[in-house]
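# Predicted model, plus sequence, below.
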Amino acid sequence: MRPKVVLSTAVAALGGVAAHDLLQKRHSLMRNFPVIAHARFALETIGPELRQYIVTSNDEERPFSRDQRTWIYASSKLKNNYVGFGTDNAVEDAEYVVFKQHTFSDAVPPTGVHAGEHVWLPCPKVLGGPRGRRDAFRPDSVVNISGDELRVVVGAMRSPRSTPGQNCAGCQHNTGEGGLSPHHRHGGDLILQIGTAYFGCRDDEGRFDLDKLRKVVESAPVRAIEIKLSQGAKPGLGGMLPAAKITEEIAAIRGIPMGTDCASPVAACRVPRRRLACSTSSRRSPRRPGSRSGSSRQSATCCSGRTSSRQMRSGSRGVDFITIDGGEGGTGAAPLVFSDARLAALPGRVRPGLRALRAAPASRTDVVFIGSGKLGLPDNALVAFALGADMVNIAREAMMAIGCIQSQKCHTDHCPTGVATQNTWLAHGLDPTLKSVRLANYIRTLRRDLLKVSEACGVWHPALLDADDVEILDGNRHGTPLREIYGYEPSWGGLSGQIRAEIEAVMSATGPRGGSAPSSASSEPAPRAES
């Protein structure tokens, strides 16, 4: 094509765009500045990506900084996730966490880069053990996948090859409120979540159906049941799945019609006593024929109010584990006032939530506490352990391990990496076989760092940390112990008694040991060799 023809075509195209802009009335900017205004809209569209890579520093991005995302990406690919030349954090002015090193201790962290990645790091408590549940068990991993993460972790629930990486990591997978799907049935222990809309265990009118719940539990390796009362993704609100994102597969799993928005109510069972009664009745489900030893039919709730706490103190009824979620927003979408102004939740509320639950004496040994909400980073998770968490759940960090770039388009169905979308074209770029292995790599690396820091603090397990092992420093001026900040009593946080002895015995026998040369037999210098 001749240059003149190309130029004429380009001028004609620009003329057509200009004519359209001048005649349309929806955008005043385009009427006043035809053609040029489109550049502004284009820059606005890719603004988050530009800020990620050009404008912001390594620590300015939110919700996850560039340093944090880089650590997750490198860990998932088993690349070097160390940093050189010191921290680039403004430690002279910022508030930051310090873990107190114990130089003389039997627990010594190994120096090897990959040492500890395959060490068994189980929950310190037996879930359901104190209440005598028939199938009580000790979870194999202190790091597990949070609720409603199947679609984002394995690419829109499409491949039966989705779970080998999760199995290698030995972690449990919460199904989320969307229900137990066929893709959950390819291996791996499950926590079945029952949300306020009872997806997967509801009748045609949307009411709770106990018989359907029993059938679902018996059909898959469900180790425990979680009743969700609220969530950090949409604090104070119910969920909303737009009709455009509802496929026939999702409709069948949830038991909902096609073509209409699917709304989850804010709450269903408003009385704590009814929730606990529901938990007790679902626990009575019979063992399925041929189930493996240790399969659990226990029930639990996500969070607990004061009324529930009072009922639990007698020990005659109550839950086996409690998940305390943060209010940071998560993968879901919510009105700006709920996400930013925290109308119904506090950012990082897992910390004050742990404090409130630790204040109930009867719950400290009987209940497994699970923290959730931006705890897929070692320092955040270790603070939660020091405040009394026994395990942590991860969500957005798991998404980044499989390729999420924090484009913040989860609610639009246009996730550019195919992680959080039902769009077939966008999801095709996500290979579940490869990405599941990367997820497993990340989880093992996170556990390794949790273990190394714990051993550097003189304990064999993260849950053995207490509020005295951590300080919050205000720049380079002064530090305040975590116990003082949250008003912890001496008996709060950490583990004691038989639970502590059991987990110390397990970890001291299996954990890697650091150090250098063995101790000398004598303090006297070795004799000189004869020439």
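Happy to help now that I have it. Note that the coordinates shown come from a computational prediction; the quantities given were computed from them, not determined experimentally.
# list the buried ones in stretch 501-510?
Within stretch 501-510, the residues scored as buried using 16 or more other Cβ atoms under 10 Å are I503, E504, V506, M507. C-beta coordinates here come from the backbone N, C-alpha and C atoms, glycine included.
# For those, which two are the farthest from each other?
Using Cβ to Cβ, the pair of these lying farthest apart is E504 and V506, separated by 7.4 Å.
# Looking at the buried residues of stretch 501-510, spot the one nearest V367.
For the buried residues of stretch 501-510, the nearest to V367 is I503 (16.2 Å; Cβ to Cβ).
# ok, the closest one - contacts?
Listed by Cβ atoms under 8 Å, 6 or more residues apart in numbering, the contact set of I503 reads P122, P124, W460, H461, A463, L464, L495.
# Rebuild the residues you listed as JSON lines, extending it with distance to I36.
Output for the contacts of I503, formatted as JSON lines (distance: Cβ to Cβ, whole Å):
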{"residue": "P122", "distance to I36": "61"}
{"residue": "P124", "distance to I36": "62"}
{"residue": "W460", "distance to I36": "64"}
{"residue": "H461", "distance to I36": "61"}
{"residue": "A463", "distance to I36": "59"}
{"residue": "L464", "distance to I36": "62"}
{"residue": "L495", "distance to I36": "64"}
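# Out of these, list just those in strands.
Secondary structure from DSSP state E places none of the contacts of I503 in strands.
# Ranking by neighbours, what's the top pick from those?
Most neighbours among the contacts of I503, by other Cβ atoms under 10 Å: A463, with 29 neighbours.
# From S8, how far off is the closest residue to that one other than its chain neighbours?
Excluding its sequence neighbours, the residue lying closest to A463 (Cβ to Cβ, 6 or more residues apart in numbering) is P124, at 4.4 Å. With the distance defined as Cβ to Cβ, to the nearest Å, P124 ends up 75 Å from S8.
# and D67, how many neighbours does it have?
That count, for D67 with other Cβ under 10 Å as the rule, works out to 17.
# Use 835 as the first number from now on
With 835 as the first residue, the last one maps to D901.
# what sits against it?
Here D901 is in contact with N892, D893, V917, D922 (Cβ under 8 Å, 6+ apart).
# quick one: contacts for the third one?
Each residue near V917 by Cβ under 8 Å, 6+ apart is listed here: D901.
# Name the SS class of it, please.
coil (DSSP: H, G, I helix; E, B strand; the rest coil).
# What of the first one?
Look at N892: counting by three-state DSSP, its state is coil.
# what sits against it?
N892 neighbours (Cβ under 8 Å, 6+ apart): S899, R900, D901, T904, D922.
# So that I can see them in ChimeraX, could you write out a selection of the buried residues among those residues?
Entered in ChimeraX, the line below selects the buried ones among these, by 16+ other Cβ under 10 Å:
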select :899,900,901,904
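# Among the contacts of N892, which ones are in helices?
R900, D901, T904 (DSSP state H).
# Now the closest residue to the first one other than its chain neighbours. Its backbone dihedrals?
The reference is to R900. Leaving aside its chain neighbours, R900 sits nearest to N892 (4.6 Å; criterion: Cβ to Cβ, 6+ apart). Taking degrees, to the nearest 10, you get phi -70, psi -20 for the backbone angles of N892.
# And N892, how close does it get to V932?
20 Å.
# Please apply the same query to F1042.
48 Å.
# one step back: show me which pair in the contacts of D901 is furthest apart.
D893 and V917 (12.4 Å).
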